[in-house]
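> turn this into a structure:
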Amino acid sequence: MKRTGKITAAFITALTAVASITACSADYSHIDGYSDIENARKLYSSLYSAEITVTDKQTGTVTQELTFCYDKSDTLSYSYFGTDGKTKYYEYHNGSEYNYYSDGEWHTLVSGDKDYVCYTRTNKMSMTAEGMIFIKPESVTGSEVKNTADAKVITMQYDVSKLNSSMASQLGLVGDLDSFSVVYTIDKDGYCTSMEQTGTATKDGVQSKVDYLMTVSHMNDIASVSKPQVQESADKSDAE
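Now for the predicted structure:
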């Protein structure tokens, strides 16, 4: 989504977009929980509908919300909200019209217009694709699996030297990445219901930390999507 790119630097989508590619030819079966996560990624990509919420756990602020569903022709409708704490951004697509909120009003694009986008099951929006669930097994230094009554909790620690050099800034951290870990919650049907990413970085002796929680709910339980309600402090700046 071109117009959301300017505000996603510190959000989960930006991180997964550059770092969730796995080496398909390698064997990572020795990593505890790896096969569960790979299966959950495929299940996520196959969802007919869902609601995704990303929360900054340090502030309690919801930084992203996406509600989506596919119609009978596999065309995507979605409602999106995102914020970096200063700017708020909205998108709405009803399957034919692409709407984005900027300069205090809604703008509508249709097929043939510049910057028009439309998504399907084969031409996926990034937030509906399996890459939304982060995994980079070649960088995993340790993993732990805990079983609960109705879920499986998988914690993975990552070697930051093997991660993308820009990940610290993408996470909203200042300095060099010191640590990065991900906790996945997989339900009894194999779906990922939450993913929590935490990281730290240090610059000039000062450490910063981030803690983002993504939850996935209402899976295959949404029949239609409504245009988001715009809050008063929504972006009124240039949308480019």
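> contacting residues around the closest residue to Asp56 other than its chain neighbours?
Nearest residue to Asp56, sequence neighbours excluded (CB to CB, 6 or more residues apart in numbering): Thr63, at 5.4 Å. (C-beta placed from N, C-alpha, C; glycine too.) Contact partners of Thr63, counting by CB atoms under 8 Å, 6 or more residues apart in numbering, are Ala10, Phe11, Val54, Thr55, Asp56, Gly82, Thr83, Asp84, Gly85, Tyr212.
> what about the last one, is that helix, strand or coil?
Assigned with DSSP: H, G, I helix; E, B strand; the rest coil, Tyr212 falls in the strand class.
> burial check on it, number of neighbours?
By the measure other CB atoms under 10 Å, the count of residues near Tyr212 is 23.
> ok, now the fifth one?
By the criterion of other CB under 10 Å, Asp56 has 19 neighbours.
> how close does it sit to Ser79?
20 Å (CB to CB, to the nearest Å).
> still on that earlier bit, closest one of the contacts of Thr63 to Thr198?
Nearest to Thr198 among those is Tyr212, at 7.8 Å by CB to CB.
> show me what that closest one bridges to in the sheet.
Tyr212 has these beta-bridge partners by DSSP bridges: Asp56, Gln197.
> which ones are touching it?
Contacts of Tyr212 (CB under 8 Å, 6+ apart): Phe11, Ile12, Val54, Thr55, Asp56, Lys57, Thr63, Leu171, Glu196, Gln197, Thr198.
> tally of neighbours for the third one?
It refers to Val54. By other CB under 10 Å, neighbour count at Val54 equals 22.
> pretty sure it sits against Gln64.
Yes - taking contacts as CB atoms under 8 Å, Val54 lies within contact range of Gln64: 3.9 Å.
> in this structure, which spans are strands?
Per DSSP state E, the chain carries strands over the ranges 49-56, 61-70, 76-83, 88-93, 98-102, 105-109, 140-147, 151-158, 176-187, 192-203, 206-217.
> so how far is Arg121 from the residue found closest to Asn220 once you drop the neighbours it is linked to in the chain?
Closest residue to Asn220 apart from its sequence neighbours, by CB to CB, 6+ apart: Tyr48 at 4.8 Å. To Arg121, Tyr48 is 9 Å away according to CB to CB.
> shared neighbours of the two, anything?
By CB under 8 Å, 6+ apart, Tyr48 and Arg121 have these common neighbours: Tyr70.
> what sits against Gly190?
Neighbouring residues of Gly190 by CB under 8 Å, 6+ apart: Asp36, Asn39, Ala40, Leu43.
> tell me where the model's unsure across this structure.
1-25, 165-166, 232-240 (pLDDT under 70).
> list the buried residues in the longest helix anywhere in the chain.
Ranked by residue count under DSSP state H, the longest helix found in the chain is helix 34-45. Of all the residues in helix 34-45, those buried under the rule 16 or more other CB atoms under 10 Å are Tyr34, Asp36, Ile37, Glu38, Ala40, Arg41, Leu43, Tyr44.
> stretch 103-114 now?
Neighbour-count burial for stretch 103-114, counted by 16+ other CB under 10 Å, picks out Leu109.
> and what of stretch 122-140?
125, 127-137, 139-140.
> and what of stretch 205-219?
Ser208, Val210, Tyr212, Leu213, Met214, Val216, Met219.
> would you mind writing the CA trace of that stretch as PDB?
This file holds the C-alpha atoms of stretch 205-219, laid out as PDB (Å, rounded to 0.1, in the frame of the first residue of the first chain):
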ATOM      1  CA  GLY A 205      25.100   4.300  26.100                       C
ATOM      2  CA  VAL A 206      21.400   4.900  26.000                       C
ATOM      3  CA  GLN A 207      19.100   1.900  25.500                       C
ATOM      4  CA  SER A 208      15.700   2.000  23.900                       C
ATOM      5  CA  LYS A 209      13.000  -0.700  23.700                       C
ATOM      6  CA  VAL A 210       9.900  -1.600  21.700                       C
ATOM      7  CA  ASP A 211       7.200  -4.100  22.400                       C
ATOM      8  CA  TYR A 212       4.500  -4.600  19.700                       C
ATOM      9  CA  LEU A 213       1.700  -7.100  20.000                       C
ATOM     10  CA  MET A 214      -0.300  -8.200  17.000                       C
ATOM     11  CA  THR A 215      -3.500 -10.100  17.600                       C
ATOM     12  CA  VAL A 216      -5.600 -11.900  15.000                       C
ATOM     13  CA  SER A 217      -9.300 -12.300  15.700                       C
ATOM     14  CA  HIS A 218     -12.700 -12.900  14.000                       C
ATOM     15  CA  MET A 219     -11.000 -15.400  11.700                       C
END
